[in-house]
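Enquirer: My questions are about this predicted structure, shown below with the sequence.
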Amino acid sequence: MLINLPNSLTWLRIMAIPLFVGIFYLPTEWMSVTTQNLVATIIFAVAAITDWLDGYLARALNQTSAFGAFLDPVADKLMVTAALIVLVYLGRVDMSIALIIIGREITISALREWMAKIGRSKSVAVSLLGKFKTAAQMIAIPLLLYHDKVNDSFEPQVIGTWLIYIAAVLTLWSMAYYLKAAVPHAIEHR
């Protein structure tokens with residue numbers, strides 16, 4: 001089913017991306033940098049919550065679909081990629097970190113597609129390592145977007161920077177894990 005409540009939430013997440021990016025192009029006379037940071041953080045956080053919510057609702061309402069299973073990870077990857085590009089543009093994330101995370105997402109998506117074609121998609125199912133990577137980046141990105149000090153003892157930029165580096169290490173580790181799982185099937189189907 002193309003349109004149901006869970007898929008609608010996923011579509012809203014995708015449609016929020018231009019708004020999310022556009023916030024940083026507004027003149028500071030319209031919206032201060034601090035407000036831009038706050039609004040972008042809220043948009044990203046709501047998108048992250050709807051990512052969890054659409055999956056929960058799809059199962060709870062028995063509205064799972066092949067289209068939803070396809071669209072949900074695409075929406076996630078688009079939102080994370082947009083956020084990383086914005087953070088590189090703002091000078092809050094090193095380009096190499098963004099390339100590692102985005103490159104891994106493209107590589108693993110292609111690997112999963114190929115493994116599904118040869119009937120081995122369970123070989124590259126989401127692992128616990130992948131979930132830790134996702135958690136680290138989904139906490140890091142809002143902290144890096146918010147950027148401003150909350151008080152003298154809490155600096156989101158510092159914590160977010162550490163978490164995005166941890167996410168990058170977990171990204172490489174999980175990519176190696178998935179590629180290692182795929183090697184026997186690649187040899188079998190060469």
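Expert: The structure has been received and is ready for your questions.
Enquirer: What helices and strands are in contact with the helix or strand where residue 104 lies?
Expert: Secondary structure assignment for residue 104, by DSSP states H and E: helix 95-117. Packing partners of helix 95-117 (3 or more C-beta pairs under 8 Å, 6 or more residues apart in numbering; DSSP states H and E): helix 66-89, helix 156-188. Just so you know, the C-beta spots here come from the backbone N, C-alpha and C atoms, and that holds for glycine as well.
Enquirer: Buried ones in the longest one, by neighbour count?
Expert: For helix 156-188, the buried set under the neighbour-count rule, 16 or more other C-beta atoms under 10 Å, comprises 156, 160-161, 163-168, 170-171, 174-175, 177-178, 181-182, 185.
Enquirer: and this structure, what are its domains?
Expert: 1-90, 94-190 (automatic domain parsing).
Enquirer: Among these, show the one with the smallest mean pLDDT.
Expert: Mean pLDDT per stretch puts domain 94-190 lowest among those, at a mean of 85.
Enquirer: Check which helices and strands the next helix or strand after the helix holding residue 104 sits against.
Expert: Sequence-wise, the next helix or strand downstream of helix 95-117 (DSSP H and E) is helix 128-146. Here helix 128-146 touches helix 33-60, helix 66-89, helix 156-188, going by 3+ C-beta pairs under 8 Å, 6+ apart.
Enquirer: what angle separates the shortest one from helix 33-60?
Expert: With axes from the mean of the first three to the mean of the last three C-alpha atoms, to 10 degrees applied, the angle from helix 66-89 to helix 33-60 works out at 160 degrees.
Enquirer: Grab the nearest non-local neighbour of residue 82.
Expert: residue 17 (4.9 Å; C-beta to C-beta, 6 or more residues apart in numbering).
Enquirer: wait, I meant residue 133
Expert: In space, residue 133 is closest to residue 170, 3.8 Å off (C-beta to C-beta, 6+ apart).
Enquirer: Would you mind giving the secondary structure of residue 92?
Expert: Secondary structure, DSSP: H, G, I helix; E, B strand; the rest coil: residue 92 is coil.
Enquirer: Now do the closest residue to it other than its chain neighbours against residue 186, distance only.
Expert: Among residues not flanking residue 92 along the chain, residue 144 sits closest, at 4.9 Å (C-beta to C-beta, 6+ apart). According to C-beta to C-beta, to the nearest Å, residue 144 and residue 186 sit 36 Å apart.
Enquirer: next one: residue 164
Expert: 31 Å.
Enquirer: isn't residue 16 right next to residue 45, touching?
Expert: No: with contact defined as C-beta atoms under 8 Å, residue 16 does not count as touching residue 45 (11.2 Å).
Enquirer: Would you mind listing the residues in contact with the spatially closest residue to residue 94 that is not a sequence neighbour?
Expert: Excluding its sequence neighbours, the residue lying closest to residue 94 (C-beta to C-beta, 6+ apart) is residue 88, at 7.6 Å. Contact analysis of residue 88 by C-beta atoms under 8 Å, 6 or more residues apart in numbering lists 94, 95, 98.
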